[in-house]
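Asker: from the sequence below, what's the structure:
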Amino acid sequence: MTIDVISFDLDGTLVDTAAEIALAVNRTLENFGLAARPAAEIEQLIGAGAHALMRRLLAGIDAAAMLDEGKVLACFDQHYADTAGTLAEPYTGCAEMLRSLLGDGVRLACVTNKEQRHAVRVLEVNGLSGYFELLIGGDTLPCKKPDASVLRHVLTEFGSTPGQAAHVGDSETDVAAARNAGVAAWAVPWGYNAGRPVAEAAPDRLFQSMSEITRLVRTLRAAPALLP
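Answerer: Numbers count the residues shown, from 1 in each chain. Sure, this is the predicted structure:
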């Protein structure tokens with residue numbers, strides 16, 4: 001078999017969004033009279049969606065215990081609607097890799113735990129939305145990564161099988177999502193993963209550049225026995 005379908009995580013995999021997320025978080029904290037948090041601390045919470053990030057951050061701030069969580073999350077949504085896409089930068093070689101994969105006949109999906117409306121903005125602003133046939137955000141389906149149903153939904157939509165697919169991400173969550181769905185678990189080391197090396201999650205492949213992904217897909221098409 002060959003790899004005909006690849007799903008990509010967004011934050012920390014295709015695009016560096018840490019700065020704009022941190023900006024929205026700290027604007028929210030300021031609105032509620034709380035001190036700003038270091039960007040590095042916020043970056044380590046990226047991966048499960050913006051609301052999960054805010055909940056985890058607030059849980060570690062004693063002064064936040066009396067706040068109305070719903071109001072805090074609504075405030076964050078307003079701020080991130082303003083900052084989404086404004087400071088995000090695609091990682092080196094991202095567009096070229098996606099273009100090459102499409103040219104080789106690979107079908108692409110973006111599967112993120114970021115809320116869909118924010119994911120749409122980030123992809124559009126960075127000129128990446130046109131590469132994906134399918135976008136799944138953290139609020140698109142009843143479950144989010146690492147639940148097996150998420151990547152299985154991709155397979156169903158594309159009429160593919162686990163043996164023909166791979167998922168690329170920067171975190172333990174992404175590796176687990178791939179494992180749970182039975183697809184190849186591929187990873188990149190330049191993302192977030194709560195500050196831990198993604199290699200600790202034991203992905204099937206760990207790439208050091210975007211171009212390595214393209215080369216592997218082409219190699220597998222020539223010699224598919226090399227999977228995963």
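Asker: quick one: least confident helix or strand in the chain?
Answerer: Ranking every helix and strand in the chain by mean pLDDT, DSSP states H and E puts helix 50-59 at the bottom, with a mean of 88.
Asker: any residues touching that one, and which ones?
Answerer: 21, 24-25, 28, 37, 41-42, 45-46, 48, 64, 67, 69, 72-73, 76-77, 80, 113-115, 118 (Cβ atoms under 8 Å, 6 or more residues apart in numbering). (C-beta placed from N, C-alpha, C; glycine too.)
Asker: now do the contacts for residue 191.
Answerer: Neighbours of residue 191 in contact, by Cβ under 8 Å, 6+ apart: 9, 11, 12, 13, 169, 170, 171, 198.
Asker: part of a helix, is it?
Answerer: No - using DSSP: H, G, I helix; E, B strand; the rest coil, the assignment for residue 191 is coil, not a helix.
Asker: picking up where we left off before, restricted to helices, list the contacts of helix 50-59.
Answerer: Mapping the contacts of helix 50-59 onto helices (DSSP state H) picks out 21, 24-25, 28, 41-42, 69, 72-73, 76-77, 80, 118.
Asker: for these, which one is nearest residue 180?
Answerer: For the ones in helices among the contacts of helix 50-59, the residue nearest residue 180 by Cβ to Cβ is residue 118; the value is 24.3 Å.
Asker: ok, that closest one - how many residues close by?
Answerer: Other residues lying near residue 118 total 27 when counted by other Cβ atoms under 10 Å.
Asker: gap between it and residue 216?
Answerer: Using Cβ to Cβ, to the nearest Å, one obtains 30 Å as the distance from residue 118 to residue 216.
Asker: also residue 101?
Answerer: For residue 101, the distance to residue 216 equals 11 Å [Cβ to Cβ].
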